[in-house]
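K.L.:
just to be clear, the model below is a prediction. Sequence and coordinates:
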Amino acid sequence: MIDKDHIPSRDDDDDDIDGYTKIDRYNPKLIENLSANYLNVLKQIGEDPEREGLLKTPERIAKAMLYLTHGYDLDAQNILNSAMFKEEYSQMVIVKDIEVYSMCEHHMLPFFGKAHIAYIPNGYVVGLSKIPRVVDAFARRLQVQERLTNQIRDCIQETLNPIGVGVVIECRHLCMSMRGVQKQNSVTTTSAFTGEFLKEKTRTEFLNLISSKLS
Ligand SMILES: Nc1nc2c(ncn2[C@@H]2O[C@H](COP(=O)(O)OP(=O)(O)OP(=O)(O)O)[C@@H](O)[C@H]2O)c(=O)[nH]1
Ligand SMILES: [Zn+2]
């Protein structure tokens, strides 16, 4: 994951972060352009961008937005390919309760919650940390929850070629709670499956395991 406090200078443009991330999106010219746009936004919502508390705000928002959308710079397939290991383990592997932070493409407001991801290996396993990294690669963009769910499923299926993949995502959408319909407690659940997970028995095992609590 990109360290949000490390905003590279133009000189680091070609540096890789964790071996697979190119970030020319943090170059000073881009931050300057974005900041100018956010200065206008501040004016147009009725604020005084010259008051002390707001002087650095356009630049802060610019950097925050670039961070919140850094998934565009990540290649999810490369992330998985970078840590696939031959292993004869043929039971379900589940990584659950993965924090998701994304932004809806309609309002650019956050939606956030948890992802639960499983696969049944077909000769290869993947480094466990790579699964949350794949979630971030697709979540840190403008998204709809359904597409996010399908993209994670398709990436794991196409790269790791397992016997099946299961993805369940549960999120709260701020565009539905702090504005609009203003429903404070609604949670949206989406799911996507391939292969063995299309069979009821496997899917039920997955759903049971993600509902169980470790104590
Ligand atoms: N399917 C789906 N819809 C989403 C997601 N995030 C936000 N939305 C919805 O996108 C829709 C956009 O609808 P519009 O009628 O064009 O926008 P709006 O007038 O702001 O709608 P309201 O939110 O109902 O006030 C809303 O119903 C949102 O709830 C998502 O991840 N998936
Ligand atoms: Zn929205």
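P.N.:
Yep, that arrived. Just so it is clear, the model here is predicted, and its values are computed rather than measured. Residues are numbered from 1 along each chain as shown. Ligands and ions are numbered 1, 2, ... in the order given.

K.L.:
who in this structure is up against ligand 1?
P.N.:
Contact residues, the chain versus ligand 1 (Cβ under 6 Å from any ligand atom): Cys104, His106, Val144, Gln145, Glu146, His173, Cys175, Met176, Gly180, Val181. C-beta: built from backbone N, CA, C; applies to glycine.

K.L.:
among the residues you listed, which are in helices?
P.N.:
Of the positions in these, Gln145, Glu146, Cys175, Met176 sit in helices, assigned by DSSP state H.

K.L.:
going by distance to Val168, which of the residues you listed wins?
P.N.:
Ranked by distance to Val168 (Cβ to Cβ), these are led by Gln145 at 11.1 Å.

K.L.:
how near is that closest one to Glu59?
P.N.:
31 Å (Cβ to Cβ, to the nearest Å).

K.L.:
the two - which one has more neighbours?
P.N.:
Gln145 (20 against 16; other Cβ atoms under 10 Å).

K.L.:
excluding chain neighbours, what is closest to that one?
P.N.:
Thr190 (5.0 Å; Cβ to Cβ, 6 or more residues apart in numbering).

K.L.:
next: Pro132.
P.N.:
Per Cβ to Cβ, 6+ apart, closest to Pro132 is Ile98, 4.7 Å.

K.L.:
with Gly195 instead?
P.N.:
That would be Gly164: by Cβ to Cβ, 6+ apart, it lies 3.2 Å from Gly195.

K.L.:
I'd say that neighbour and Phe193 touch.
P.N.:
Yes. Contact criterion Cβ atoms under 8 Å: Gly164 and Phe193 qualify, at 7.0 Å.

K.L.:
quick one, which of these two is more surrounded?
P.N.:
More neighbours surround Gly164 than the other of Gly164 and Phe193, with 23 against 19 (other Cβ under 10 Å).

K.L.:
report the contact partners of the more buried one.
P.N.:
Tyr119, Ile120, Phe193, Thr194, Gly195, Glu196, Phe197, Leu198, Thr202 (Cβ atoms under 8 Å, 6 or more residues apart in numbering).

K.L.:
how about the residue nearest in space to the middle of the chain, nearest residue that isn't a chain neighbour?
P.N.:
Nearest to the mean C-alpha position of the chain, counting by Cα atoms, centre = their mean, stands Ala139 at 2.2 Å. Nearest non-adjacent residue to Ala139, counting by Cβ to Cβ, 6+ apart: Ser102, 4.1 Å away.
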